[in-house]
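Student: with the sequence up front, the predicted model follows.
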Amino acid sequence: MFPKELKTKEQIKEAIISVVVFFDLFDYPLSDYEIWKYLDKGADFLELKEVLNGLSELENKNGFFFLKGREEILVSRRKRHNYSQRKIKIARRFAAIFKILPWVKLIILSNSMGQFNLRDGSDIDFFIITSPRRIWLTRFFCAGLAALLNSRPKSGNKRDKICLSFYITSDNLNLDSLKLPSYDPYFFFWLRSFILLYNKDNIYERFLAENKLLSLTNESTFDYNSQNKKQARFFDYLEIFIKKFQLLIMSPVLKKAINNSVGVVVNDNILKFYLLDRRLEYAEKYGNKFEQIFKKNN
């Protein structure tokens, strides 16, 4: 989304405002370090601070930057930080249980759009990476356990519930195919707002590298084929059975949306179940707001 290197002050200015405008959609003011991080550190930090402090489009209070006239979002950030602390404790408890499954390689708290930016009434979104050929089994056990513990979100009751709607396999780590075909700012910032809960076999580092967020010099690998072949064959059959069972009991609405919606993707490498995918809406709001700010200054 941004150049790898922001060479001029005008480039840095535009990039800073781009970041602040996006997070304004989620009522989230940012520190100077957070802005620098979301720019993928594409500018010298001291130079970024110099440009940042001279921007007339932004205000700064208590170490946080926000669009002019939006001081009230400081209160939102403070409240949501407290809500997030509670939710992260819950998430860690479930991650400690889910990681017992040998096929779970990575557990991430996602969709927070900024660290510690979870609403009080929201559920807790997990993004899970599994072993190859074990994605359906992993979903079955994780979702089933959450249901047994009465911790799955329901209509009118999502507060602190565990949303298990996104899985990928460790041999399919690049997510470029899930981007919107045109412009997808949400995807860009979503990738950079993860909270890591569990990481096995350096999958997180490999995931970041596959999505161009990290350069790996010493990549470890997991040799899936080194497992006992008889055991692997048994679980292969079980995976097929569990897949058919889950598709059979899946709601008609979800079945209809399978691979016909940007939010619902179902295959043996990706399970993504977001009936309400608002990325197009966010992209439009983001573009309009950004254009509005720059028109005022021209």
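Tutor: Yep, it's here.
Student: how about low-confidence regions in this protein?
Tutor: In the predicted model of the chain, residues 216-230, 296-298 satisfy pLDDT under 70.
Student: what about the strands in this protein?
Tutor: Across the chain, reading from the start of the chain, the strands by DSSP state E fall at 58-61, 64-67, 104-110, 124-130, 162-169, 195-199, 264-266, 270-273.
Student: what would these look like in TSV with mean neighbour count?
Tutor: (Each C-beta comes from the backbone N, C-alpha and C, glycine too.) Formatted as TSV, the entries for these read as follows, by neighbours: other Cβ atoms under 10 Å:
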stretch	mean neighbour count
strand 58-61	15
strand 64-67	20
strand 104-110	23
strand 124-130	24
strand 162-169	23
strand 195-199	17
strand 264-266	19
strand 270-273	20
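Student: can I get these in JSON lines with distance to Ala147?
Tutor: Conversion of those to JSON lines gives the following (distance: least, Cβ to Cβ, whole Å):
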{"stretch": "strand 58-61", "distance to Ala147": "44"}
{"stretch": "strand 64-67", "distance to Ala147": "39"}
{"stretch": "strand 104-110", "distance to Ala147": "17"}
{"stretch": "strand 124-130", "distance to Ala147": "14"}
{"stretch": "strand 162-169", "distance to Ala147": "10"}
{"stretch": "strand 195-199", "distance to Ala147": "20"}
{"stretch": "strand 264-266", "distance to Ala147": "19"}
{"stretch": "strand 270-273", "distance to Ala147": "14"}
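Student: how about the ones you listed, which one is nearest Glu34?
Tutor: For these, the distance to Glu34 is smallest for strand 64-67, at 8.8 Å, taking Cβ to Cβ.
Student: in PDB, list the C-alpha atoms belonging to the closest one.
Tutor: Provided in PDB are the C-alpha atoms of strand 64-67 (Å, rounded to 0.1, in the frame of the first residue of the first chain):
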ATOM      1  CA  PHE A  64      -1.900  10.400  20.500                       C
ATOM      2  CA  PHE A  65      -2.600  11.800  17.000                       C
ATOM      3  CA  PHE A  66      -6.100  12.100  15.500                       C
ATOM      4  CA  LEU A  67      -8.000  14.100  12.900                       C
END
